[in-house]
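>>> missing the sequence, but the structure's below:
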């Protein structure tokens, strides 16, 4: 079965300009604080603070990120998957052909370019199975075989200006889990290269990560002990031990700090979920970038596919078929000789889980309003059905406080079950193309999985784990 899809990405210029700052990734201020490297549209760019001009340094179909300046500020290291795996490349700040430094079939992410001309990076090339934590390696910027830098497991390593201390992160919790506290939480440590001593810098119950140094030897990092990720400054003794209490440099209380960098003089650039800021002498100032650029890829794509169908449902009369393909809902005639399909959801957000409630009405789940809800699609053109209509009416049927998942209509098309949140299995009646009498049939910490209806629409069956993580089968009456 072949479908022809027309996927069109519409981007309004005003919307693009307002959204550019939220699409900036990994801002890295230069050592002299005159420029900032960052990742945008999967390429490496440089912004000049004096001229307020941006310049695209790389352009490739691969995804490139994590720029790191060398100490003189004339070259950048970055990670790229242009050769298949995330490996480390270098490039001059004025552009040119990138030079590949690592070739290992795993992810290598640079975090520091030392005064000895070595690039320190995180990887998982050894102990991948038994250990969650990564490993810290270094490679000469002129080329050569990467070498293990620290025997301790960890990541995000950066070297102090005098070359004697290494700050790094122990712990393997996902950084996106801002409120996590547990055995996998991340903490910042310092290793003394000369003495071999280790010092724990942070000990909060939340994640701490991304340590960086300024030229004076002050250590900065991101921590979540305030409830949101913020930047902290910590003085460090020459032996690597902690000197005094840490100082909070930002006051993010809604959207935490995502990434940051610091210049030799202690000037900070950081990004939140939506905005970009610069801190100079303790004062924060918002950075507004206006990036005028062409698109790297075509904004309109025509695709023929014989796969990628995630879900489907056949109408009650068997004449139409609804298909979920790449986050859109398509309807076609249930006839192998009829190739054309019609996109009935046609939205930038993800639409999925199609379910017919009649021969002309189709339910699906979409997050177009911020989180998953159930929507209904019908043709406003009375002369044609959903397989041909260009006039589609979309209406929302649920208003839940949590995401809705796994909609399943009964065989008689009079009831449906769906999940709200993690463990609430809901049952509702279908009356006049709307939902009514919605109530919870199962509530708990574990979700009801593999839900199915009995042929007579009187019972539902599902599996659910108990507190011992044993999966049991349940049957409930829906009469």
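Yes, it's here. Just so it is clear, the structure is predicted and the values come from calculations on it, not from any experiment.

>>> residue nearest the centroid of the protein?
In the chain, the centroid-proximal residue (CA atoms, centre = their mean) is residue 176; its distance is 8.5 Å.

>>> residues near residue 104, how many?
By the criterion of other CB atoms under 10 Å, residue 104 has 15 neighbours. (Each C-beta comes from the backbone N, C-alpha and C, glycine too.)

>>> Isn't it up against residue 86?
No - Residue 104 lies out of contact with residue 86 (CB atoms under 8 Å); the separation is 9.7 Å.

>>> so what are the domain limits for the chain?
Taking automatic domain parsing as the reference, the chain has its domains at 3-286, 309-477.

>>> Nearest to residue 300 among those domains would be which one?
In terms of CB to CB, the element of these nearest to residue 300 is domain 3-286, at 5.1 Å.

>>> model confidence over that closest one, on average?
The average pLDDT for domain 3-286 rounds to 91.

>>> Now find how far off-centre it is within its chain.
16 Å (CA atoms, centre = their mean, to the nearest Å).

>>> can you give me the strands in the stretch 1-150 of the chain?
3-8, 25-29, 35-40, 43-48, 53-56, 64-69, 75-80, 87-92, 99-100, 109-113, 118-123, 135-140, 147-148 (DSSP state E, counting those that start in this stretch).

>>> And for the stretch 201-350 of the chain?
Going by DSSP E, counting those that start in this stretch, the stretch 201-350 of the chain shows strands at 208-213, 219-223, 230-236, 242-248, 259-262, 268-271, 276-280, 283-286, 300-305, 309-314, 320-325, 328-333, 342-343.

>>> okay, those strands in CSV with mean neighbour count and distance to residue 36 next?
Output for these, formatted as CSV (neighbours: other CB atoms under 10 Å; distance: least, CB to CB, whole Å):
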stretch, mean neighbour count, distance to residue 36
strand 208-213, 23, 14
strand 219-223, 25, 16
strand 230-236, 20, 16
strand 242-248, 14, 23
strand 259-262, 24, 8
strand 268-271, 25, 6
strand 276-280, 18, 8
strand 283-286, 10, 13
strand 300-305, 11, 32
strand 309-314, 15, 40
strand 320-325, 22, 40
strand 328-333, 24, 37
strand 342-343, 18, 40
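
>>> Now distance to residue 41 too, for these, in CSV please.
As requested, the strands of the stretch 201-350 of the chain are exported to CSV (distance: least, CB to CB, whole Å):
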stretch, distance to residue 41
strand 208-213, 23
strand 219-223, 25
strand 230-236, 26
strand 242-248, 33
strand 259-262, 17
strand 268-271, 15
strand 276-280, 16
strand 283-286, 21
strand 300-305, 16
strand 309-314, 27
strand 320-325, 25
strand 328-333, 23
strand 342-343, 26
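
>>> The domains of the chain: which one's closest to residue 302?
domain 3-286 (6.0 Å).

>>> OK, contacts around residue 278?
If you count contacts by CB atoms under 8 Å, 6 or more residues apart in numbering, residue 278 has them with 29, 49, 267-269, 284-285, 287.

>>> wait, which of the domains of the chain is closest to residue 293?
domain 3-286 (6.5 Å).

>>> The closest residue to residue 297 other than its chain neighbours: neighbour count?
Among residues not flanking residue 297 along the chain, residue 61 sits closest, at 7.8 Å (CB to CB, 6 or more residues apart in numbering). Using other CB under 10 Å, residue 61 has 9 neighbouring residues.

>>> Now stretch 400-412: buried residues?
The neighbour-count check on stretch 400-412 (16 or more other CB atoms under 10 Å) flags 400, 404, 406-410 as buried.

>>> and which of the residues you listed is nearest residue 39?
Among the buried residues of stretch 400-412, and counting by CB to CB, the member closest to residue 39 is residue 404, at 33.8 Å.

>>> from what I can see the closest one touches residue 367, true?
No - between residue 404 and residue 367 there is no contact under CB under 8 Å: 9.4 Å.

>>> what's the overlap in contacts for these two?
With CB under 8 Å, 6+ apart as the test, residue 404 and residue 367 both reach residue 373.

>>> Quick check: bridge partners of the closest residue to residue 293 other than its chain neighbours?
Residue nearest to residue 293 in three dimensions, not counting chain neighbours: residue 56, with 6.5 Å by CB to CB, 6+ apart. Beta bridges link residue 56 to residue 45, judged by DSSP bridges.

>>> What of residue 270?
Applying DSSP bridges, one finds that residue 270 bridges with residue 260, residue 277.

>>> any idea how far it is from residue 122?
Computed as CB to CB, to the nearest Å, the residue 270 to residue 122 distance reads 20 Å.

>>> I'd like to know which of the contacts of residue 278 is nearest to residue 247.
residue 268 (12.1 Å).

>>> any idea how far the residue nearest to that closest one when sequence neighbours are not counted is from residue 258?
Nearest non-adjacent residue to residue 268, counting by CB to CB, 6+ apart: residue 279, 4.1 Å away. Using CB to CB, one gets 15 Å for the distance from residue 279 to residue 258.

>>> And residue 172, by the same measure?
In terms of CB to CB, residue 172 sits 19 Å off from residue 258.

>>> who's more crowded, the two?
Using other CB under 10 Å as the criterion, residue 172 and residue 258 rank with residue 258 on top: 22 against 16.

>>> residues contacting that one?
229, 270-273.

>>> now do residue 434
Counting by CB under 8 Å, 6+ apart, residue 434 has contacts residue 397.

>>> Just list whatever residues bridge to residue 418.
Beta-bridge partners, per DSSP bridges, of residue 418: residue 426.

>>> Low-confidence ranges, the stretch 351-479 of the chain, go.
Within the stretch 351-479 of the chain, no stretch has pLDDT under 70.

>>> quick one, strands of it?
With DSSP E, counting those that start in this stretch as the criterion, the stretch 351-479 of the chain has strands spanning 351-356, 361-366, 373-379, 392-396, 404-409, 415-420, 424-431, 434-442, 449-453, 459-465, 471-477.

>>> any idea how far the first one is from the chain center?
In terms of CA atoms, centre = their mean, the gap separating the centre of strand 351-356 from the centre of its chain is 24 Å.

>>> which residues touch it?
For strand 351-356, with CB under 8 Å, 6+ apart as the criterion, the contacting residues are 310-316, 320, 322-324, 327-329, 345, 362-366, 368, 375, 405-409, 413, 416.

>>> Same check on the last one?
Outside of strand 471-477, the residues within contact range by CB under 8 Å, 6+ apart are 441-442, 448-449, 458-466.

>>> List only buried entries from those residues.
Of the contacts of strand 471-477, these count as buried by 16+ other CB under 10 Å: 441-442, 448, 460, 462, 464-465.

>>> export the buried residues of stretch 400-412 to a markdown table and tack on distance to residue 358?
Listed next are the buried residues of stretch 400-412 as a markdown table, based on distance: CB to CB, whole Å:
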| residue | distance to residue 358 |
| --- | --- |
| 400 | 23 |
| 404 | 20 |
| 406 | 21 |
| 407 | 15 |
| 408 | 16 |
| 409 | 10 |
| 410 | 13 |
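
>>> Tally up the residues packed near the nearest residue to residue 43 once chain neighbours are set aside, please.
Once flanking residues are discounted, residue 43 sits nearest to residue 58: 4.8 Å by CB to CB, 6+ apart. Using other CB under 10 Å, residue 58 has 22 neighbouring residues.
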